[in-house]
Structures are given as structure tokens and as C-alpha cells.
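*Asks:* 3D model of this:
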Amino acid sequence: MEEFRTFDDMSQMIKQNYLSFLIELIKADKVVEKREFNDLYMLFAQSKLENKGRIILVNELFSKDIEFSIENRVFETTKELSPNEKAIVNFSLIKDLVRLSKADDSVHEKEEEFISNVAMKIYPRKEDAFKIIQLAEESVECDKKLLKGELSEKDFEEQSQKIASSAAAIGVPIVALYFTGSLIGLGAAGIKGGLVAIGLTGILGVGAVLSGVGVAVAVGLATYKLTNMFFKSRNKKKREEESSEHIEEIQKDNNSLKDIAKTALKEDMGSFSENLDIKLYFDNAIENI
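*Replies:* Take a look at the predicted model:
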């Protein structure tokens, strides 16, 4: 399989343009919730977005005057990528938009419209765009059920095979299903400790141990392999010991990301000190992340 870069290893411009789509989705319902702002800074931290890019995106988040061209942003996001990376990033973007729209369990019609418009620009044939959105939704729902512990081993295997088969049928690389992980706390803050826990916290019966949208990495086929390894371990005591270690490591990674996010918030808030409304978002995030 052709090697690909993880999202945090891509250029600052790619990250900034990719994340701008999430900014636009948040703006779709005309309301910027403090939780959404906090989660964005977790994502900024995970993706290693630098100060300049963060300031630009925060300005976009609160500006009503900045014109957003889907076609131009798609081009700017993918123009430096290899064909394989482009295929991965394109689908991942749709999946992340779907995931973010469902984060509060209520999808606004303006959010649906925006996601549809983005999909149509990336996949011009209406039928293809529809299939891509449907695949993204199935993948997101599967993740949510895993987190809640609603899927047995058999259910998981059946759904993952179905999703992988659907992806292959429409030319979506399997890696793309997990490229940026989750936007509702399902991802993992680092390849070493995070792979095993993606999608497993619910099965382990411990609930959601992660928080924020930013704990996500490119994991690809390794997720499926490690999940299978976990399921094949029939020794309950051994499973519990291993899962405890993985969860503890992810919690440490997540706490580290929170520290990075708070440092970024403190670094950036000076640029908005004269806007008291925006400053309140920074104050709240520093206190609650």
C-alpha cells in the first residue's frame, strides 16, 4: 500500500484549509456554542496548527463578511496531495463534517445542505456524492455504537466488513475511514497508544474516556487488525489488564493535548483582547478544556 502522511504531518496550509470546512459547518446554524469553540482548540492542538493559522480560523469563525468558496477551498486543500492522499482526504473531510454535524444528536438543515454542497463539489456525480455521504454516516454511526457498547463481536465484524466493502465499491481507500478519526471524542491522541482503543471503550464497559473533538489520528488498516487481536484474546483477565493500560495511556495523551490547547488559547487570546464577546469564548475554554 502506498505510504501516506498523517494529517498532523501535512502542511500548515492544508490543515488550515481542511479545518476551515469545519469552521463553516459550525457557522451554518448561525450559533457558535462554547463547546464547539473548546473542541476546535483541541483539534487545533492535535493537528499541530500554528498560531497564524489558528488566528485566521478564529476570525473566520466569528466573521460574517468572509466569503467561503467550497470549490476554491477543496482545491487549496488537495492541490499538494498525491492521488492516494487526495482520495483519503476527500472522503475524510465528508466524514468529519458528518461527524461534527451529529455531535449534538441534532443535525440542522443548513448543516445537511452544506455537507451536500461540499460532497457535490468533490464528487460531481450526484449518485456518487449521495453514496459518499451515506458511507460517512454509516461509519460514524458504527463508531458511536462501539463507544456505547451496543455492538457485539459479531455485530462489529459484520458492520466493519459491510462498511469496508461499501468503501471499496466506490473507490474510497479503507485508510480514509479513519484518517482523522473522530470529531466527537472517539479518536486517539497518538498512534502508539491510541490505535487499540479506537472503537473499543464501549465494548470494555468503561464509557467515553476521551473528550474533545481533537483526539484523532490516521490509523487505517491497523485499527481493524488491532481490534481483531483484541477480540481474539479470550482470556478475560488478560483483556482487562491490556485494555486498562491502553485507556490509561490515552487518558495521558488526552491530558497532554488539553495542556497544548490551553497554551494555544493563552497565546492567541491577545489578538482578540479588544473584542469582549470573542474573549469570553477564550476565557471559558481556558477554564473548561
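*Asks:* How much space separates D65 from N59?
*Replies:* 10 Å (Cβ to Cβ, to the nearest Å). To be clear about C-beta, it is placed using only N, CA and C from the backbone, and glycine gets the same treatment.
*Asks:* And the two? Which one has more around it.
*Replies:* Legend: neighbour count by other Cβ atoms under 10 Å for D65 and N59, higher for N59 (15 against 6).
*Asks:* The helix or strand where I23 lies packs against which elements?
*Replies:* Here I23, judged by DSSP states H and E, is contained in helix 12-27. On a contact count with 3 or more Cβ pairs under 8 Å, 6 or more residues apart in numbering; DSSP states H and E, helix 12-27 meets helix 34-47, helix 51-62, helix 70-78, helix 83-101, helix 109-122.
*Asks:* what comes up buried for the second one?
*Replies:* Residues of helix 51-62 classed as buried under the neighbour-count rule (16 or more other Cβ atoms under 10 Å) are G53, R54, I56, L57, V58, E60, L61, F62.
*Asks:* ok and it relative to helix 34-47, angle-wise?
*Replies:* Counting by axes from the mean of the first three to the mean of the last three Cα atoms, to 10 degrees, helix 51-62 lies at 160 degrees to helix 34-47.
*Asks:* How about residues contacting helix 51-62?
*Replies:* Here helix 51-62 makes contact (Cβ atoms under 8 Å, 6 or more residues apart in numbering) with 12, 15-16, 19-20, 23-24, 26-27, 32, 37, 40-41, 44, 49, 66, 68, 264, 267-268, 271-272, 275, 277-278.
*Asks:* in the stretch 151-289 of the chain, what spans have low per-residue confidence?
*Replies:* 151-153, 156-157, 175, 178-254 (pLDDT under 70).
*Asks:* ok, of the helices and strands packed on helix 12-27, where does mean pLDDT dip lowest?
*Replies:* Mean pLDDT is lowest for helix 34-47 out of these, coming in at a mean of 84.
*Asks:* For it, which helices and strands make contact with it?
*Replies:* Using 3+ Cβ pairs under 8 Å, 6+ apart: helix 34-47 touches helix 12-27, helix 51-62, helix 236-268, helix 276-288.
*Asks:* And the contacts of the first one?
*Replies:* Outside helix 12-27, the residues within contact range by Cβ under 8 Å, 6+ apart are 7-8, 32, 36, 40, 43-44, 47-50, 52-53, 56-57, 60-61, 68, 73, 76-78, 80-81, 89, 93, 96-97, 100-101, 111, 114-115, 118, 183.
*Asks:* Can I get that helix in CSV, CA atoms only?
*Replies:* The C-alpha trace of helix 12-27 is given here as CSV (Å, rounded to 0.1, in the frame of the first residue of the first chain):
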residue,chain,number,x,y,z
GLN,A,12,0.0,24.2,7.6
MET,A,13,-1.9,25.4,4.6
ILE,A,14,-3.5,22.0,4.0
LYS,A,15,-4.5,21.8,7.7
GLN,A,16,-5.9,25.4,7.7
ASN,A,17,-8.0,24.9,4.6
TYR,A,18,-9.3,21.5,5.8
LEU,A,19,-10.2,22.9,9.2
SER,A,20,-11.9,25.8,7.5
PHE,A,21,-14.7,23.5,6.4
LEU,A,22,-15.4,22.5,10.0
ILE,A,23,-15.5,26.2,10.9
GLU,A,24,-18.1,26.8,8.1
LEU,A,25,-20.2,23.9,9.3
ILE,A,26,-20.2,25.3,12.8
LYS,A,27,-21.4,28.7,11.4
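*Asks:* Name the residues of it that are buried.
*Replies:* So, applying 16+ other Cβ under 10 Å, buried residues of helix 12-27: 14-27.
*Asks:* From H108, how far off is the nearest residue to Y281 once chain neighbours are set aside?
*Replies:* Spatially, and ignoring its direct neighbours in sequence, Y281 is nearest to F37 (4.6 Å; Cβ to Cβ, 6 or more residues apart in numbering). According to Cβ to Cβ, F37 and H108 sit 17 Å apart.
*Asks:* more neighbours, the two?
*Replies:* Under the criterion of other Cβ under 10 Å, the comparison of F37 against H108 puts F37 first, with 21 against 15.
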